[in-house]
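Trainee: My questions are about this predicted structure, shown below with the sequence.
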Amino acid sequence: MEQSPQNISGFDITDVANWFLVKEPIQHKKLQKLCYYAVAWHYTLLDAPVCQNDEFQAWVHGPVNRKLFDKYKNKKWLPISKISEADVPEFDVLSEEVLEFVWESYGDSSGDRLERISHNEDPWKNARGTLRPKENSENVISVDDMKRFYGALFESAQLV
């Protein structure tokens, strides 16, 4: 894919979340992981951020964006309601392709399954370091680790 021409200054991580919430009601844990994968794959494929506020931390239950957590923490395990397409800004074509790729790749998985997947991936594991499994963390998941790990996945998929 070529470089995204998008100017991200007007987009926020909540816009990415809303893009997924147009599809169906989604539990908070799953929404966090979908947004994480959107950010990670956007950096990997387009070498650019999809939005502002895209920092994810290596929490016990996988990657978490603090802004999204604060917005949806009151939902606990209840699904966040589906929203109207009118509530989502228009992303550029390449960003839309990445978001669709993430939805097609991860959208059928539960939040628990996405948590297990992320726990087996280097970006989350590297950010956790030597922390115990249930130890709280605000360690930031490195964009370089995302690009390296998901880039290798992409390259191996291209060889098939």
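Mentor: Noted; the coordinates are in hand.
Trainee: Sketch out the low-pLDDT regions of the chain for me.
Mentor: Low-confidence segments of the chain, defined by pLDDT under 70, are located at 1-9, 159-160.
Trainee: Skipping adjacent residues, who's closest to the residue most central in space within it in space?
Mentor: The C-alpha lying nearest the average C-alpha coordinate of the chain belongs to residue 36 (C-alpha atoms, centre = their mean; 1.6 Å). In space, and not counting its chain neighbours, residue 36 is closest to residue 63: 3.9 Å by C-beta to C-beta, 6 or more residues apart in numbering. Placement of C-beta: from N, CA and C, glycine included.
Trainee: Just say helix, strand or coil for the one you found.
Mentor: strand (DSSP: H, G, I helix; E, B strand; the rest coil).
Trainee: Going forward, the N-terminal residue is numbered 120.
Mentor: Right, with 120 as the first residue, what we last looked at is residue 182.
Trainee: how much space between it and residue 276?
Mentor: Separation of residue 182 from residue 276 (C-beta to C-beta, to the nearest Å): 21 Å.
Trainee: if you count what's nearby, which of these two comes out ahead?
Mentor: residue 182 (26 against 8; other C-beta atoms under 10 Å).
Trainee: quick one: the more buried one and residue 175 touch, right?
Mentor: Yes: in this structure, residue 182 is within contact of residue 175 by C-beta atoms under 8 Å, at 4.1 Å.
Trainee: what do the two both touch?
Mentor: 155, 260 (C-beta atoms under 8 Å, 6 or more residues apart in numbering).
Trainee: Helices along the protein, start to end?
Mentor: For the chain, the helices defined by DSSP state H cover 132-140, 147-165, 185-191, 212-225, 230-238, 241-247, 262-277.
Trainee: Give me the buried positions along stretch 213-224.
Mentor: By neighbour count with 16 or more other C-beta atoms under 10 Å, stretch 213-224 contains the buried residues 213-214, 216-218, 220-222.
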